[in-house]
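Chemist: Sequence plus the predicted model coming up.
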Amino acid sequence: MTPGRDRRPAKPSRPPRRRPESRRETPRKPPATDPARRAALDVLRAVSERDAYANLVLPELLRTRRITGRDAAFATELAYGAARARGLLDAVIGACLERELSKVDSTVLDALRLGTYQLLRTRVPEHSAVSSTVDLAREDAGSHVAGFVNAVLRKVSEKDEEAWLAELAPDPADDPIGNLALRTAHPRWIARSFAEALGDTGAELEAALRADDSRPEVHLLARPGEISADELAAVTGGEVAPYSPYGVHLPAGSGDPADSEPLRERLATVQDEGSQLAALAAANAAVEGSDERWLDLCAGPGGKAVLLGGLAATSGARVDAVEKAPHRARLVTEATEGLPVTVHVVDGRDPGLAEGYDRVLVDAPCTGLGALRRRPEARWRRQPSDVPELTRLQGELLAAAYRLVRPGGVVTYVVCSPHLAETEGVIAEAARRGGADVLDARELFPGVPHLGPGPYVQLWPHRHGTDAMFCAVTRKR
Ligand SMILES: C[S@@+](CC[C@H](N)C(=O)[O-])C[C@H]1O[C@@H](n2cnc3c(N)ncnc32)[C@H](O)[C@@H]1O
């Protein structure tokens, strides 16, 4: 028996199908009323219908509809919150249906998610959450869905989030990962991958999963040779970062950093402190002999290339920046203008560059599980089946790096993911094949606490306030 069914009256039995004539072919004109909920639902629709990124769609939509202030904050809370919590919302909605969730029209389902999110995770009064959602669903899918949406949300509202979790989550004694996965609204495979990387299925795993729902602070990079972190902090009202000598943390609610003068004047860029630390490790690892030819093998959009280029400029080195995607390569060119960086739009697995590099950074394409804070819907879009393809590509890029580096030179491998298959699994094998020794990367993260037993470094949002970057440093024999 599905948990909880016994205590509720009959379920809404017939998830309605959308009538073809109700489909809108022209862009929807936003109604005058309740712009925040309308915007939030439109973001959820864009994510479901065209694989859009919520954090790109919402700001554009707020701007074009001139939604500001409290309405903008409410729309953001609803759109990002419902996108993040989708798995939990679907479990609760599913428990209120007699049919499979997959049989519910996707427009109606997104409206139900929005309504359920308000009921479980906001202080919106029940009647307002239900009636506003019914109105939106009617507007998008036709008036025939109103009764169904109303009935499902009434059932959802019979319990609060804790009560639903008590009913739906697996017993933590039998399945601690499954329990935490549902509680923190993460797919189980992601929760498991965090547990494996942390070696914990209890309090620390919970802290790591919960950190994915926190809004990340904005970190700035003071471009080397342009401005110091102290000066940048003074100008922006931020704080000097705890670990990166080039980092500044902006206070919450500082507005769009792109509007600030240091960014407009190209003295600084936005860059997570973890990315800064990884790039600094790549630049500072000790090489034997000359130190003039540097290679950034996966450079787009150019965040680390800016830091490497700035450091290379002060030490007389030059950087070759490789990027396969032309539009991302253009971003690298723009970002590194004036620095000793040459951009090559080629495949890093066979870039056609002369061998003999002193340093190579492989900041490889990855699942991005280390940056889930930044992309609300990402955890539900990524699939475990993405991992083998990515690990193959990561291995091939590393094989190229070991062909291109000279004996005594260093290869630094970075991914924004804690998934062991993409981190230790890839680098251990690639370094062995490439004839390289693994160095203790922790020495290249001075002052950073909680780095574990080494030799690799895994940063975490809940420990370090950074993205969950992984960094391995190796030297070719
Ligand atoms: C994690 S991102 C790099 C981020 C970058 N280092 C930065 O700090 O801004 C990985 C990049 O590798 C690029 N890429 C993917 N496959 C590649 C390949 N075969 N050769 C070169 N670049 C590739 C992607 O387009 C993407 O821009």
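Modeler: That came through fine.

Chemist: so what's the backbone phi/psi at the residue in the stretch 351-477 of the chain positioned nearest to the ligand?
Modeler: Using C-beta to the nearest ligand atom, Asp363 is the residue of the stretch 351-477 of the chain that sits closest to the ligand, at 3.6 Å. Every C-beta, even on glycine, is put in place using the N, C-alpha and C of the backbone. Main-chain dihedrals, Asp363, degrees, to the nearest 10: phi -100, psi 80.

Chemist: For it, name its beta-bridge partners.
Modeler: Val414 (DSSP bridges).

Chemist: burial count for it?
Modeler: Residues lying near Asp363 (other C-beta atoms under 10 Å) number 25.

Chemist: Identify all contacting residues around the longest helix along the chain.
Modeler: With secondary structure taken from DSSP state H, the chain has its longest helix at helix 386-404. With contacts defined as C-beta atoms under 8 Å, 6 or more residues apart in numbering, helix 386-404 is touched by 295, 297-298, 348-351, 353, 355-357, 360, 362, 364-367, 411, 413, 415, 419, 421-422, 425-427, 429-431, 433-436, 476.

Chemist: ditto for stretch 249-260
Modeler: Outside stretch 249-260, the residues that reach it (C-beta under 8 Å, 6+ apart) are 215, 217-220, 235-241, 263-264, 270, 273, 465.

Chemist: List the ones among the residues you listed that fall in strands.
Modeler: Using DSSP state E, the subset of the contacts of stretch 249-260 located in strands is His219, Leu220, Glu239, Val240, Val270.

Chemist: Centre of the chain to stretch 161-176, how far?
Modeler: Offset of stretch 161-176 from its chain centre (C-alpha atoms, centre = their mean, to the nearest Å): 26 Å.

Chemist: How about the residues of the stretch 351-477 of the chain by the ligand?
Modeler: Asp363, Pro365 (C-beta under 6 Å from any ligand atom).

Chemist: from the stretch 101-250 of the chain, which residue is nearest to the ligand?
Modeler: Counting by C-beta to the nearest ligand atom, the stretch 101-250 of the chain gets nearest the ligand through Leu221, at 10.3 Å.

Chemist: Per-residue pLDDT of Lys476, please?
Modeler: With respect to pLDDT, Lys476 scores 98.

Chemist: With Leu205 instead?
Modeler: pLDDT, Leu205: 98.

Chemist: How about it: what's its closest non-neighbour residue?
Modeler: Excluding the flanking residues, the one nearest Leu205 by C-beta to C-beta, 6 or more residues apart in numbering is Ala195, at 5.0 Å.

Chemist: Now that neighbour: which helix or strand?
Modeler: Assessed by DSSP states H and E, Ala195 sits inside helix 188-198.

Chemist: Direction-wise, compare that helix with helix 386-404 and give the angle.
Modeler: 40 degrees (axes from the mean of the first three to the mean of the last three C-alpha atoms, to 10 degrees).

Chemist: who touches helix 188-198?
Modeler: 177-178, 180-181, 184, 201, 204-205, 208-209, 369, 372, 379, 382, 384, 418-420, 423, 458, 460.

Chemist: what's the pLDDT at Thr26?
Modeler: 42.

Chemist: just Asp213 next, same as before
Modeler: Reported pLDDT for Asp213: 88.

Chemist: again with Ser260
Modeler: 87.

Chemist: Measure how buried it is and give me the count.
Modeler: For Ser260, using other C-beta under 10 Å, the count is 21.

Chemist: for Gly237, same thing?
Modeler: Count around Gly237 with other C-beta under 10 Å applied: 11.

Chemist: The residue of the stretch 101-250 of the chain closest to the ligand contacts Gln271, doesn't it?
Modeler: Yes. The criterion here is C-beta atoms under 8 Å, and Leu221 meets it with Gln271 at 4.1 Å.

Chemist: These two - which one has more neighbours?
Modeler: Leu221 (29 against 22).

Chemist: bridging residues for the more buried one?
Modeler: Here Leu221, judged by DSSP bridges, has bridge partners Gly247, Thr269.

Chemist: what residues are up against it?
Modeler: Ser244, Tyr246, Gly247, Ala268, Thr269, Val270, Gln271, Gln276, Gly303, Val306, Leu307.

Chemist: of the ones in strands among the contacts of stretch 249-260, buried ones?
Modeler: With burial judged by 16 or more other C-beta atoms under 10 Å, the buried subset of the ones in strands among the contacts of stretch 249-260 is His219, Leu220, Val240.

Chemist: And those residues, which is closest to His144?
Modeler: His219 (49.2 Å; C-beta to C-beta).

Chemist: List the residues that contact the closest residue to Ser228 other than its chain neighbours.
Modeler: Once flanking residues are discounted, Ser228 sits nearest to Ala222: 6.0 Å by C-beta to C-beta, 6+ apart. Taking C-beta under 8 Å, 6+ apart, we find Ala222 in contact with Ser228, Ala229, Glu231, Leu232, Tyr246, Gly247, Val248, Pro262, Leu267, Ala268.
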